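J.: missing the sequence, but the structure's below:
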């Protein structure tokens, strides 16, 4: 959950910076949205990737594995000690290659859909909120 906070806050900050400082991004909100979404998606994956590797290892452990061996920190230390820290980042390059286009599409589609919802009053007016 904290990663999503960084993800969305980073997206908004980067989008604003692009719109303010990069020619063309101020005229095309979708361009700034695409670039910001792609970059923040890659950064977020790079931050959480080791945790995701450990989570996957825990999920694939036999059910009879002792609970103390299933703990996140214990598993991360054990993986790093036995296999090296690099194992926690194996596959990150491919994940980032996938993350950029996926996140570059998600945010402009979300923003376009949100604009349509407001344009056609999909959420209702202020008087409709509490009825």
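T.: Yep, it's here. Everything quoted here is computed from the prediction, not taken from an experiment.

J.: Could you list the buried residues of the helix or strand harbouring residue 4?
T.: Secondary-structure assignment from DSSP states H and E places residue 4 in helix 2-21. For helix 2-21, a neighbour-count test (16 or more other Cβ atoms under 10 Å) marks 7, 10, 11, 14, 15, 18, 19 as buried. Using the backbone N, CA and C atoms, a C-beta is placed for each residue, glycine as well.

J.: Let me have the residues you listed in TSV, adding distance to residue 72 and pLDDT as columns.
T.: TSV is the format used below for these (distance: Cβ to Cβ, whole Å; pLDDT from 0 to 100):
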residue	distance to residue 72	pLDDT
7	20	91
10	24	93
11	26	94
14	29	95
15	32	93
18	35	93
19	38	92
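
J.: Residue 117 contacts residue 123, correct?
T.: Yes - the criterion here is Cβ atoms under 8 Å, and residue 117 meets it with residue 123 at 6.1 Å.

J.: Just list the residues touching the residue nearest to residue 79 when sequence neighbours are not counted, thanks.
T.: Nearest non-adjacent residue to residue 79, counting by Cβ to Cβ, 6 or more residues apart in numbering: residue 87, 5.8 Å away. Taking Cβ atoms under 8 Å, 6 or more residues apart in numbering, we find residue 87 in contact with 53, 79, 80.
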